[in-house]
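[1] mind folding the following:
(3 chains)
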Amino acid sequence: MTIQQIDPGLVPYQILDVEGNLVGEMPDISAERLLSLYRFMQVGRVFSNKIIALQRQGRATTFGSLAGQEATAVGLAAPMQPQDWLTTSYREIASLIVKGVPVPTLAYSFRGFTPENWPAETHCLPVQIVIGTQMLHAVGLAMAAKIAGDPVVAVGVCGDGATSEGDFNEALNFAGVYQAPVVLVVQNNGWAISVPRHKQSAASTFAARGEGFGVPAKLVDGNDILAVYDTMHEAIENARAGNGPTLVETLTYRIGAHTTADDPTRYRDAAEVEAWRAKDPIARFQKFLTRRDLLDEQRAQQIVSEVEEEINEAVRIAEAMPPMAPDSFFDYAAAELSPRQQAQRADLLRYTDQK
Amino acid sequence: MQMTMVEALNSALGLELERDRRVVVLGEDIGPNGGVFRVTEHLQEKYGEERVFDTPLAESGIIGTSIGMAVYGLRPIAEIQFAGFLFVCMNQLVSQAARMRFRSAGAYSCPLVVRAPYGGGVRTPEMHSDSLEGAFLQTPGIKIVVPSNPYDAKGLLAAAVDDPDPVLFLENIKLYRSFRADTPVEHYSIPLGKANVVREGTDVSIFAYGAMVNVALEAAKQAQQETGTSVEVIDLRTIWPLDEDAITASVAKTGRAIIVHEAPRAGGVGAEITAVINERCFYSLLKPIARVTGYDTPYPVPGQEDYYLPTPAKVMTALREIMEP
Amino acid sequence: MSELKLADLGEGMHEAEVVEWLVKVGDTVKLDQTVVKVETDKAIVEIPAPVAGRVSEIRVSNGQTARVGDVLVVFDAPSSTNGDSTASARGANTTATMAQATTPASPVASTTQAPAPKPRVLAAPAVRKLAFELGIDLEQVTPSNANGRVSLEDVKALAENVKSAPIASPAPVGTRFIASEPPASETEQQSIPQAQDERQPLTGLRKRIAEHMERSWRTIPHATAFSEVDASGLVALREALKPVAEKRGIRLTYMPLLIKLLIPLLKEFPIFNASLDDERREIVYKRSYHIGVATATHEGLLVPVLRNADRLTLLDIAANVDRLIEGAKQRTLTLPEVSGSTFTLNNVGSFGGSTGTPIINHPEVAILAFGRIEDKAIVERGTVIVRPMMPLALSFDHRLIDGASSGAFMGRFKELVENPQQLMLDMI
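    The predicted structure is shown next:
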């Protein structure tokens, strides 16, 4: 753990080491569930790579790769219950997939449209572009659950960059003051576009900042799916039991670029990237599962092929879906359009056959 | 019953908390203290700390968490202690509350009411009297309501809470206690987006809101006495969306329009109404549209604010000018 | 067959240089396999294949620059092109551009002018609207207010004046002049079932005529002097000259004769061959004599112009008039042949009319209409005799010409018509 940590002496919670050896207590997860976690991680990676490929072909909009961060994305969402709420940034697509948002729906959004059938029952807010704002939403959702007396937990996820925003701090503060049933996750991948972790905050870790708000915190190896799953499971159920919020910092690395419009070779070392490829979350988990006889080379390949086919099919479905009608954004501008808005919509329609 | 605006608002909030379990009231100092203007007095006693609670000093935090609560299914009524601090939570209002329905294509919505006191003539320190509503005209997705009297305040607040989209509810500090008016005790609602003709006339239309309605009425009375000018005064009540039909009907009748507001002139409600009149009833105009507003400067210190604000005298000048051939 | 085009890889990119092809023609590629590296302003980017298949053609070589949209490589595969570019970051927003309507050149107008810009009339929107509805030209309204702005009262006042002004002409005839529709009677309207009105937009020549008439009527205060002249001298002259002209291949009508008689008159009364420069408020005395000959065509009134009529012989005039009239009817005339007249003649007799209020051909100051010559009973020295009488109607610009001068002009014209031999006195 280098770039993500100010204090390299602090040891994050780990169950699987880099080689996939069990170095901590195995959490209570069935074999089936373990394989499903593995599959989800592959889905995240393949989907991420696919959207990038589509963008290079002019078929998708700007996208932020989650390559290298699959363990955090999958591990933070997997222990959630269906009634729990999830608010993410734009780099946790795999979390949304785990929570039940269909892949074609996500693929459609990357065509540059808003899916008009977002599954509200998944309790996932749409991807957040404005940095850090979603953390307050997560706290608010949790506060509402508490007021309503529902056994519901909210999980908010942001990156290391977001911790500098006022909203992140206000969210932690509110979470502590109201003892909201919320888990706030900082996915520390070392880089906020080109600004490295040590320029983002002088705090030894982001987990350490929980103390300042009276919120218990955990520091986790973000590339260790079992550690992430275990930590999140405990924090989520703790919140559900009425014991308040937890701040979870996962240490991981952004193998890819910030987005498809970014060139990381301008600001970071190829050697650093390579060093982190060696700690790949999917590779280590695969080694672990192989040692457990739950997986072998052939089976792994099969899973990858199936996943690739699933993703390609999802893209086919998304590309076959009709584009949004040019004026449909008026449908969602208000519950009821004002006369003025209606007139403006009519104006737009005069030009829709002349594009 | 005779109520001040504070009492009317308190009554409205109490009724909402009573009839709808989803309603929660939050803000700084609104619990035991009852709000710095006592608008939320006794509400926490009656309805409990779970539903009426104080927050840390964090505007963005207040609005951001309120958004989460609204999405969950509650009906939060959040107070920002003074409208001048709205910009501290501007991001949550503009990029989040105003966009929740839009961003999710209707999967989620944000039925949030944000209350904030504003308005001058009450000797407050810096930023406590500022009128910022103009900035929100450029934020499609948030309605803006400004009552001018206790009766309207209670009915409009009920409608605001009922609205499925975010509403910014601005309460004029000077009007809080300046007079009492007949206000029903029971629940009633005044529709948003509808202006009110408070004085009928045929020569000039004056459009105003908040404390400026009385300023306009004062000038109208004077003009009637002085020159027999028949002045129509329209209380906009909702300044976004504007009741364009009411504005157009009045100007078509009189051919002369004056807009009065405390907020600075540039890009404000007056500018928008001028544009609407230009688009919809230009050919009725006999004279250029006049605006009587705050100046295009920051809001001045208490010792000077009386010179900054529109007064009946300033409106009279505009009236005399506009009645000249 | 499937094409891979260079897409906009990063928010506003225009082109990229091909750095390295990772495949060659004939290679088989898998879906999403990286096939080429290109360099943009921002970075070196790897581009994956959109299909699985065989590389059949590489269109841009190493080191060459491709623009966004250029085809980089072609694959032999079931077609799966780059798909719709709805996701393109540079989705252009085309807005309809309305074709600008240009103001058409009026064939009946005179010389084109480039007037100096004049300050606009000051008037509120409501005032302008009323003026338009009442047909009042705001420029004709004198503001009663010291502030110089025309008021509603000013417009209404002028409208009243116009309404109560004495009507100079009797019931107008023909379609060339202002027609007033006879009102349908009440009973008629009740018993006749409501027919559907038909609408036809003003286009082409009709539209130009309408605009020109509107302009004339609005700018020039018309007054018309009606008279009739003993045409016996004219008739005799024509009888005498007609066969000789025919031998020379010319058809001699009354028009060329009247033109010949008009010229010395225009020289004697130069104000009738003038124009009022509305912008500069100056009278322009024309030194040329270009006579407009009002002609009825299928599509409407055209006024071809006989240029420099003062330098043509009678036969020349006759030949040209014929040519011009024919050319007008066939619509083959050129612009100089239908513009620039300094005075216009209108033979209303040619379509059986006798008299009416001719509308001046703006920016001229007068127009003379003459009707069909008919035997009429007139009184001469106490005795009723029959004479061939030609009705005359002279409309003139009352800003420049008063009743006295129009009377003098008309009187002199009649004298010449009755005594055409007077022309010989000034013949060279």
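
[2] where's residue B:158, which helix or strand?
    Here residue B:158, judged by DSSP states H and E, is contained in helix B:150-162.

[3] that helix and chain A in contact?
    No - counting by Cβ under 8 Å from any Cβ of the partner chain, no contacts exist between helix B:150-162 and chain A, the nearest distance being 10.8 Å. For every residue, glycine as well, the C-beta is placed using N, CA and C.

[4] what about whichever helix or strand comes after that helix, distance to the chain center?
    Heading C-terminal from helix B:150-162, the first helix or strand you meet, by DSSP H and E, is strand B:167-172. On the basis of Cα atoms, centre = their mean, to the nearest Å, strand B:167-172 is displaced by 5 Å from the centre of the chain it belongs to.

[5] which residues does strand B:167-172 contact?
    Residues from elsewhere that reach strand B:167-172, judged by Cβ atoms under 8 Å, 6 or more residues apart in numbering or on different chains: B:5, B:9, B:37, B:39, B:83, B:86, B:93, B:112-119, B:131, B:133, B:136, B:142-148, B:153, B:156-157, B:160, B:192, B:210-211.

[6] quickly run through the sheet partners of that strand, with directions.
    Partners of strand B:167-172 in the sheet, by DSSP bridges, are strand B:113-118 (parallel), strand B:143-145 (parallel).

[7] and the angle for that strand with helix B:150-162?
    With axes from the mean of the first three to the mean of the last three Cα atoms, to 10 degrees defining the directions, strand B:167-172 sits at 160 degrees from helix B:150-162.

[8] pull strand B:167-172 out as CSV, backbone CA atoms only.
    Coordinates of each C-alpha in strand B:167-172 appear next as CSV, following Å, rounded to 0.1, in the frame of the first residue of the first chain:
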residue,chain,number,x,y,z
VAL,B,167,-40.5,24.9,-3.5
LEU,B,168,-38.5,27.8,-2.2
PHE,B,169,-40.8,29.7,0.3
LEU,B,170,-39.5,33.2,1.0
GLU,B,171,-40.9,34.9,4.1
ASN,B,172,-40.5,38.7,4.3
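
[9] can you name the next helix or strand after it?
    With DSSP H and E setting the assignment, the helix or strand that follows strand B:167-172 is helix B:173-178.

[10] what helices or strands is that following helix leaning on?
    With contacts defined as 3 or more Cβ pairs under 8 Å, 6 or more residues apart in numbering or on different chains; DSSP states H and E, helix B:173-178 has these neighbours: helix B:5-19, strand B:113-118.

[11] repeat that for 7 Å
    helix B:5-19 (3 or more Cβ pairs under 7 Å, 6 or more residues apart in numbering or on different chains; DSSP states H and E).

[12] in CSV: the strands paired with strand B:167-172, plus distance to residue B:199, mean pLDDT and mean neighbour count.
    What follows is the strands paired with strand B:167-172, written out as CSV (distance: least, Cβ to Cβ, whole Å; pLDDT from 0 to 100; neighbours: other Cβ atoms under 10 Å in any protein chain shown):
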stretch, distance to residue B:199, mean pLDDT, mean neighbour count
strand B:113-118, 24, 98, 25
strand B:143-145, 21, 98, 25
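
[13] tell me which helix or strand residue A:310 sits in.
    Counting by DSSP H and E, the element that carries residue A:310 is helix A:297-320.

[14] what's downstream of that helix, the next helix or strand?
    Using DSSP H and E, the helix or strand that follows helix A:297-320 towards the C-terminus is helix A:339-349.

[15] that next one near chain C anywhere?
    No - in terms of Cβ under 7 Å from any Cβ of the partner chain, no part of helix A:339-349 sits within range of chain C; the closest distance is 10.7 Å.

[16] about what we covered before: redo the strands paired with strand B:167-172 as TSV? Include distance to residue C:136.
    Compiled in TSV, the strands paired with strand B:167-172 are given as follows (distance: least, Cβ to Cβ, whole Å):
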stretch	distance to residue C:136
strand B:113-118	50
strand B:143-145	44
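
[17] which positions in chain B make contact with chain A?
    B:24, B:50-51, B:56, B:58, B:60-61, B:64-69, B:71-74, B:91-92, B:95-96, B:101-109, B:140-141, B:164-165, B:193, B:241, B:244.

[18] residue of chain B closest to chain A, please.
    residue B:68 (2.1 Å; Cβ to the nearest Cβ).

[19] so what's the residue count around that residue?
    Residues lying near residue B:68 (other Cβ atoms under 10 Å in any protein chain shown) number 33.

[20] give me the nearest residue to it, chain neighbours excluded.
    residue A:140 (2.1 Å; Cβ to Cβ, 6 or more residues apart in numbering or on different chains).

[21] may I ask which helix or strand encompasses that neighbour?
    Residue A:140 is part of helix A:133-148 when elements are defined by DSSP H and E.

[22] what is that helix packed up against?
    Packed next to helix A:133-148, using 3+ Cβ pairs under 7 Å, 6+ apart, are strand A:85-87, strand A:154-159, helix A:166-178, strand A:182-188, helix B:59-72.

[23] how many neighbours does the closest residue to residue A:18 other than its chain neighbours have?
    When the adjacent residues along the chain are set aside, residue A:18 lies closest to residue A:279, with 5.1 Å between them (Cβ to Cβ, 6+ apart). When neighbours are defined as other Cβ under 10 Å, residue A:279 has 20 of them.

[24] and for residue B:243?
    Around residue B:243 there are 22 other residues, counting by other Cβ under 10 Å.

[25] and it, what does it touch?
    Taking Cβ atoms under 7 Å, 6 or more residues apart in numbering or on different chains, we find residue B:243 in contact with B:193, B:194, B:195, B:236.

[26] repeat for residue B:177
    For residue B:177, the set of contacting residues under the criterion of Cβ under 7 Å, 6+ apart consists of B:4, B:6.

[27] burial of residue C:398, as a residue count?
    Burial of residue C:398 is recorded as 16 neighbouring residues (other Cβ under 10 Å).

[28] shouldn't it be in contact with residue C:221?
    Yes - with the criterion set as Cβ atoms under 7 Å, residue C:398 and residue C:221 qualify as a contacting pair; they are 4.5 Å apart.

[29] how about low-confidence regions in the stretch 101-250 of chain A?
    Applying pLDDT under 70 to the stretch 101-250 of chain A flags no residue at all.

[30] and chain A, what are its domain boundaries?
    Structural domains assigned to chain A are A:31-324, A:326-355, following automatic domain parsing.

[31] ok, the closest residue to chain C within the stretch 51-200 of chain A to residue C:76 distance?
    Scanning the stretch 51-200 of chain A for proximity to chain C using Cβ to the nearest Cβ identifies residue A:58 as nearest, at 2.9 Å. Here the distance between residue A:58 and residue C:76 works out to 21 Å (Cβ to Cβ, to the nearest Å).
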